[in-house]
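K.L.:
what follows is a predicted protein model with its sequence.
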Amino acid sequence: MTDLASVTCAGCGLLCDDVIVDSSGAAVRLRPECSLGAEWFSQRVRRSAGAPAASIRGQPADVEAALSRAADLLRGARRPLVHGFDWATVEDARAAVALADRLGALIVPGGASGPWPGSPAVPLRGASSATLGEIRDRSRLVVIWREDPVSTHPRLLDRLGFGVGATPRVGADATARLGAERRLVVVDDRDTSTAERAELQLRWPRERDLEALTGLHARHRKLALRPSDLAAQLDGLLELINVVPHAAFVYGAGLVSGRGGQRRALALHELVRALCHDRHVVTLELPPATGTRSVQDVLAWQTGYPQSVDLLSGHPELVTATRPLETGEGVDVSLRVEGAFTKLPDAATEIALSSLPGGSAGTEPEVSIRTAAPGVEANGTAHRLDGVPLALQAPLRGAGPTAAALLTRLLAEIEA
């Protein structure tokens with residue numbers, strides 16, 4: 001792959017569609033330069049050529065035998081789980097929802113183990129969202145909450161109009177200089193690359209985010225509060241918000257992951273709803289993986305819910321569990337679709353459809369089938385982190401099947 005026409009890079013949820021890939025040398029290089037995107041392409045372009053197309057219990061097998069074994073496992077499953085989707089396309093997600101509907105399965109974007117963040121906030125309350133273009137053109141204030149997009153989404157600040165040199169860093173007296181300038185504020189107690197480019201940084205520990213969000217909401221409503229050492233910082237942020245007609249909050253896993261994460265997300269969306277009475281305020285979520293937004297949108301179209309959905313009863317139900325799903329729901333068969341390896345209970349049997357190998361010795365899935373890497377070996381469609389659909393090209397066409405094709409064949413075999 002060398003000096004191709006522009007392609008879409010799925011190295012992060014930003015899905016830059018103006019990327020030139022050059023793999024003619026010892027390392028994959030991108031123009032414009034992006035180490036994250038180069039690593040993403042490198043993993044897929046230079047994956048082991050000797051790896052089998054499929055395996056059963058760690059032993060090489062042909063794809064047909066692996067599909068037959070996977071179909072047998074899914075037919076006999078009492079409580080199947082379909083999860084992952086880190087690198088999935090819209091087509092993969094649609095096929096997965098169809099299979100999950102037939103099986104009466106749980107379908108969960110991302111992993112299903114570890115501290116469960118709680119009932120999903122967006123389906124319960126909704127969200128005020130916007131495209132990158134709206135935030136760039138209309139938001140006079142952008143607040144990045146406990147994220148470092150310079151590292152995780154390297155070109156995001158450029159897309160939002162905060163490129164290097166666009167917003168000079170000034171002192172903490174920024175609240176006294178209110179005008180038509182655009183401002184970038186970071187809420188984080190870490191010294192990150194994004195914080196270095198912000199005009200103002202507010203510092204408190206992550207465990208106080210819920211207190212800060214509810215405190216901002218209460219101060220906006222002019223309610224009497226107990227004295228707090230966060231008061232000066234919250235008042236300064238509220239002052240900045242109150243003088244702009246349009247503001248945006250950018251957040252991600254730093255706010256919503258882990259125990260109580262969705263409670264913090266709910267507090268953010270309630271704050272945004274209250275602020276919208278006087279001005280337009282929007283949110284932009286940075287997804288934990290490239291395929292997250294695609295599968296969320298497909299779930300919303302086909303089930304009415306954009307996050308974890310239970311199809312056991314024959315109709316979609318929003319999962320509001322507050323404990324890890326694979327333990328609380330008695331999952332016995334797990335189907336991982338284009339997702340990173342997740343350690344499941346020993347009682348659960350795993351089937352993996354992925355373009356990258358997962359697990360290690362002793363943790364191999366019962367059935368594993370290698371898929372063509374979306375955006376490298378196979379075409380497809382993906383949704384940018386703001387919901388805009390973009391086409392993924394296949395600059396290095398591969399012979400392997402896509403996850404969507406495999407899921408469609410699994411469904412046909414189960415229904416035969």
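P.N.:
The structure has been received and is ready for your questions.
K.L.:
ok, residue 404 - contacts?
P.N.:
89, 91, 92, 94, 95, 380 (Cβ atoms under 8 Å, 6 or more residues apart in numbering). For the C-beta atoms, the positions are set from N, CA and C on the backbone; glycine is no exception.
K.L.:
number of residues surrounding the fourth one?
P.N.:
Same thing as residue 94. Using other Cβ atoms under 10 Å, the number of residues around residue 94 comes to 21.
K.L.:
could you do the second one as well?
P.N.:
Using other Cβ under 10 Å, residue 91 has 23 other residues around it.
K.L.:
now the fifth one
P.N.:
Neighbour count of residue 95, defined by other Cβ under 10 Å: 24.
K.L.:
my read: it touches residue 408, true?
P.N.:
Yes: with contact defined as Cβ atoms under 8 Å, residue 95 and residue 408 form a contacting pair (5.2 Å).
K.L.:
circling back to that earlier point, so which of the contacts of residue 404 sit within strands?
P.N.:
residue 380 (DSSP state E).
K.L.:
neighbours of residue 406, how many?
P.N.:
25.
K.L.:
tell me the pLDDT of residue 256.
P.N.:
Looking at residue 256, its pLDDT stands at 90.
K.L.:
same question, residue 298
P.N.:
For residue 298, the predicted pLDDT is 97.
K.L.:
show me the contacts for it.
P.N.:
Counted by Cβ under 8 Å, 6+ apart, residue 298 has contacts 90, 93, 94, 97.
K.L.:
from residue 88, how far out is the residue nearest in space to the middle of the chain?
P.N.:
Nearest residue to the geometric centre of the chain (Cα atoms, centre = their mean): residue 287, 2.5 Å. Look at residue 287 and residue 88: by Cβ to Cβ, to the nearest Å, they are 12 Å apart.
K.L.:
leaving out the residues flanking it, which one is nearest to the residue nearest to the centre of the chain?
P.N.:
Nearest residue to residue 287, sequence neighbours excluded (Cβ to Cβ, 6 or more residues apart in numbering): residue 13, at 4.4 Å.
K.L.:
now do the SS call for the one you found.
P.N.:
Here residue 13 is coil, with the state taken from DSSP: H, G, I helix; E, B strand; the rest coil.
K.L.:
how does the protein divide into domains?
P.N.:
Here the domain parsing of the chain from automatic domain parsing is 54-110+291-374+400-415, 121-285.
K.L.:
hmm, who's touching stretch 29-43?
P.N.:
Here stretch 29-43 has contacts from 1, 9-12, 16, 18-23, 27-28, 152, 154-155, 356, 376, using Cβ under 8 Å, 6+ apart.
K.L.:
how about stretch 220-230?
P.N.:
Taking Cβ under 8 Å, 6+ apart as the rule, stretch 220-230 contacts 204, 208, 211-212, 215, 218-219, 231, 234, 238, 271, 274-275.
K.L.:
which of these lies closest to residue 317?
P.N.:
Using Cβ to Cβ, residue 271 comes nearest to residue 317 of these, at 28.3 Å.
K.L.:
give me the three-state assignment for residue 350.
P.N.:
When classified by three-state DSSP, residue 350 comes out as strand.
K.L.:
any idea where the helices of the stretch 301-416 of the chain begin and end?
P.N.:
Ranges of helices in the stretch 301-416 of the chain, per DSSP state H, counting those that start in this stretch, are 325-328, 403-415.
K.L.:
what do you get for the stretch 151-300 of the chain?
P.N.:
Under DSSP H, counting those that start in this stretch, the stretch 151-300 of the chain gives helices at 156-159, 193-196, 209-220, 231-242, 253-256, 261-275, 292-303.
K.L.:
relative to residue 213, how far out is the closest residue to residue 218 other than its chain neighbours?
P.N.:
The shortest distance from residue 218 to any non-neighbouring residue, by Cβ to Cβ, 6+ apart, is to residue 225 (5.6 Å). Distance of residue 225 to residue 213, computed by Cβ to Cβ: 13 Å.
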